[in-house]
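K.L.:
coordinates only, sequence not included:
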């Protein structure tokens, strides 16, 4: 354990509240596909890019913890989640922690994205039959500087493809993987 791992972040009570919700509701159908990330690792990753005015989007935002953290770190923060009950919990957590994070229920897959299985771009567990949620924010994927996601195994390639085809040329994709930790992928020239 490093000193960085024990440094207080100010988000410990948010993480504890999210853990309590999970503990209480993990057997409910809404939580069937929910997987919690390593919030400390996400925090340290976001801290590297912390600047006012940057837009942040969490794909599959679940309880909204990363989105709430991003908002409170100064990002203009949004989360998209397909499960309505999780969106409700995320909105309640945002209110409880005085966050202006915004959440929408629907798909994070932009309506203009077409999957290309011949290029190895396949969804395995991600639900693809819902309408894209970007209109709820009056935004498009290309309006976001940083996208954070926790892809299912074997879906990393398709997540990168979505950003490459539909995202901002300067976008960053921050992915969490339980085996490999945090990985940041840059897609071109970054904003100054």
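P.N.:
Right, received. Where do you want to start? Predicted model only: the values in this text are computed from it and were never measured.
K.L.:
show me where this structure has helices.
P.N.:
For the chain, the helices defined by DSSP state H cover 3-6, 12-25, 39-47, 65-72, 84-96, 156-166.
K.L.:
can you lay out those as JSON lines showing mean pLDDT and mean neighbour count?
P.N.:
Just so you know, the C-beta spots here come from the backbone N, C-alpha and C atoms, and that holds for glycine as well. Shown next, in JSON lines, are these (pLDDT from 0 to 100; neighbours: other CB atoms under 10 Å):
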{"stretch": "helix 3-6", "mean pLDDT": "53", "mean neighbour count": "8"}
{"stretch": "helix 12-25", "mean pLDDT": "95", "mean neighbour count": "14"}
{"stretch": "helix 39-47", "mean pLDDT": "93", "mean neighbour count": "18"}
{"stretch": "helix 65-72", "mean pLDDT": "97", "mean neighbour count": "26"}
{"stretch": "helix 84-96", "mean pLDDT": "97", "mean neighbour count": "18"}
{"stretch": "helix 156-166", "mean pLDDT": "85", "mean neighbour count": "18"}
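K.L.:
identify whichever of those lies nearest to residue 148.
P.N.:
helix 65-72 (5.4 Å; CB to CB).
K.L.:
state the pLDDT value of the residue nearest the centre of the chain.
P.N.:
For the chain, the residue sitting closest to the mean C-alpha position, by CA atoms, centre = their mean, is residue 58 at 2.2 Å. The confidence metric pLDDT takes the value 97 at residue 58.
K.L.:
likewise for residue 11?
P.N.:
96.
K.L.:
ok so, going back, now distance to residue 132 too, for the helices of the chain, in a markdown table please.
P.N.:
Converted to a markdown table, those look like this (distance: least, CB to CB, whole Å):
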| stretch | distance to residue 132 |
| --- | --- |
| helix 3-6 | 37 |
| helix 12-25 | 26 |
| helix 39-47 | 24 |
| helix 65-72 | 17 |
| helix 84-96 | 15 |
| helix 156-166 | 10 |
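K.L.:
which among the ones you listed is found nearest to residue 147?
P.N.:
helix 156-166 (6.1 Å).
K.L.:
now do the closest one: distance to the chain's middle.
P.N.:
Taking CA atoms, centre = their mean, to the nearest Å, one finds helix 156-166 lying 14 Å from the centre of the chain it belongs to.
K.L.:
understood, closing this out.
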